[in-house]
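Colleague: sequence and predicted structure, then a few things I'm wondering about:
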Amino acid sequence: MGLSEANRQRIVVSVDWFPPAFRAGGPIRSTFNLVSLLASRYDVWVISGAYDLGQDRPLDVLLDTWQTVECGAGSIQVMHWTRSNWNSKAWTQILGELNPDWLHLNSVFSKHFTLIPLRVARKRDNLRIVLAPRGMLGSAALSLKPLKKRVFLSYARATGLFRNVRWHASTAMERDEVLGQFMNADCRVAQNIPGGSILEEFPRVAENWNVVSVGRIHRVKNLHFGLKALLNAPSSRPIKMTFIGPVEDEAYQKELVAMARNQDRVVVEFVGGMAPTELAPFWQKAHYFLSSTTQENFGHSIVEAWAHGCPVLISDRTPWRDLDSKGVGWDWPLDQTAWLQGLGIALNVNHVDWEEQSEKSRIFFNTEVRNPAVEQDNLKLFER
C-alpha cells in the first residue's frame, strides 16, 4: 500500500485465518467483513497464517509477502505468514515498518496472532489495541480444556496482560462474558457485520423439505442433537438434510450417518467444506437452516440464511431470539421435547405460509441485521 492519504488512520489486523482460508468458519468471515468496512476509511494491513485450520499445506497464495486484496469499497494489504515468521522478531519488524495507529486482534488464546503481537505492541507508546474475543470467553468455549484456560485467565488478570486493551464484543451477552473475566475492562459492543445484501428470490420446491447445516463436522457443534430431533419429528414431506462443512472428526460423522440409517423419511448427505462463495446453490434450494449449537457468538450462517430467504431452526444459545414472533424461524431450548414440538410445526406449514416466512426473512436481514448503526458501532471502535 502506498503512502497514506492525509489523516487516514493505519490499522493492522492480526488473525490466525483469513480468506482464502475458510475451515474456521465464522471468525474468518467476521474479520473479513470488518476489514471490508474499514478499507473505505482507513489504510488496513492484515497479517494472517498461511494455513487453513487443521491443514499443514500452505494456502494457494503468495506467502510472506504483501498482496493487494479488493474488498468492500476499497482495498487492503494482506500477508500470509508461514511458521518461520510466527515470532516476536517478525512482529517487531512489521509494526516498526508500518507504524500503525491501531492493532486489532482476533482471539484471546492465540499464541502467535494475539499474545506475541500484544507483547510487542506494548512497547509502542502510541499504538492502541482492540481485541475481539470471538466467543472464546463463553461458557461452552471455556468448557474445552477448562483447566488450561482457567490458569491462563488467572495469569492474565494477575499480570495485567490485557490492561488498556479495548475489547470488541459482538453482543451485550459477550460484553458480560468479558466483564465477568476482566471486571474493569473497556468493552464496546459492535455487532459483527454480515456479508453481502438482500439477494434475489429463488423459488423452492414444495414436494420435500431441504434443510441445511453449515459448519464444522465436530462433536462440539452438537449436530447430533438437531439430527436426532429431525429424524423423529412429524413432517408433511420427505426431508433432505445436507451437512456442509469440513469433517474434523470422522468418527463423529460416522455416528451421524449411523443415526440416519434404516429409515427412508430423511435423506442425510455430507458435502464437505467449501468457501462461503460456493454456498449459493445450496441456499437457493434450502427451506430451513438448522443449528443446535450450544453457543454461538453471532452466527454468520444464520444471517446468511435470512439473506437467502431461508428461515432458521436454531437453539436459544445465540444472540437471535424470539424468532417465531418475527416470522423468520424458531429458537428452542436444547430439549428434545421442545425441538420435536417445534419441528412438528415448522415441517408441517403449507407452502404459502413458508413463502411468507421466506420473504420476512429477507426483509429481516435487510432491516434488522444489516443496517447503518451496526457499521457505525464498528467504526467507533477505532476512535480515540
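Modeller: The structure has been received and is ready for your questions.
Colleague: for the rest of this, base every contact and every neighbour count on C-alpha atoms.
Modeller: OK.
Colleague: which residues sit against stretch 72-91?
Modeller: 1, 35-37, 39-40, 43-51, 58, 61-70, 112-113, 116-117, 120 (C-alpha atoms under 8 Å, 6 or more residues apart in numbering).
Colleague: using the three-state scheme, assign the closest residue to residue 166 other than its chain neighbours.
Modeller: Spatial nearest neighbour of residue 166, excluding adjacent residues (C-alpha to C-alpha, 6 or more residues apart in numbering): residue 130 at 4.7 Å. Under DSSP: H, G, I helix; E, B strand; the rest coil, residue 130 falls in the strand class.
Colleague: do the one 10 residues further on as well
Modeller: Under the three-state scheme (three-state DSSP), residue 140 adopts helix.
Colleague: what is the burial count for residue 237?
Modeller: Using other C-alpha atoms under 10 Å, residue 237 has 15 other residues around it.
Colleague: ok, it to residue 207 distance?
Modeller: The gap separating residue 237 from residue 207 is 7 Å, by C-alpha to C-alpha, to the nearest Å.
Colleague: do residue 332 as well
Modeller: Distance, residue 332 to residue 207, by C-alpha to C-alpha: 26 Å.
Colleague: more crowded one of those two?
Modeller: The residue with more neighbours, out of residue 332 and residue 207, is residue 332; 23 against 11, by other C-alpha under 10 Å.
Colleague: which positions within stretch 206-220 qualify as buried?
Modeller: Of the residues in stretch 206-220, 208, 209, 210, 211, 212, 213, 214, 215, 216, 217, 218 count as buried by neighbour count, 16 or more other C-alpha atoms under 10 Å.
Colleague: then stretch 241-253?
Modeller: 241, 242, 243, 244, 245, 246, 247, 252, 253.
Colleague: tell me which of those residues fall in strands.
Modeller: Secondary structure defined by DSSP state E assigns 241, 242, 243, 244 of those to strands.
Colleague: bridge partners for the first one, pull those for me.
Modeller: Judged by DSSP bridges, the bridge partners of residue 241 are residue 211, residue 268.
Colleague: distance check, it against residue 103.
Modeller: Look at residue 241 and residue 103: by C-alpha to C-alpha, they are 42 Å apart.
Colleague: the third one now?
Modeller: The spacing between residue 243 and residue 103, counted by C-alpha to C-alpha, is 36 Å.
Colleague: cool, and the second one?
Modeller: From residue 242 over to residue 103 the distance is 39 Å, taken as C-alpha to C-alpha.
Colleague: what do you get for residue 182?
Modeller: According to C-alpha to C-alpha, residue 182 stands 20 Å off from residue 103.
Colleague: and the two? Which one has more around it.
Modeller: Each of residue 182 and residue 103 has its neighbours counted (other C-alpha under 10 Å); residue 103 has more, 24 against 18.
Colleague: just list what the host helix or strand of that one packs against, helices and strands only.
Modeller: In the assignment (DSSP states H and E), residue 103 maps to strand 102-105. Packing partners of strand 102-105 (3 or more C-alpha pairs under 8 Å, 6 or more residues apart in numbering; DSSP states H and E): strand 10-15, strand 128-131.
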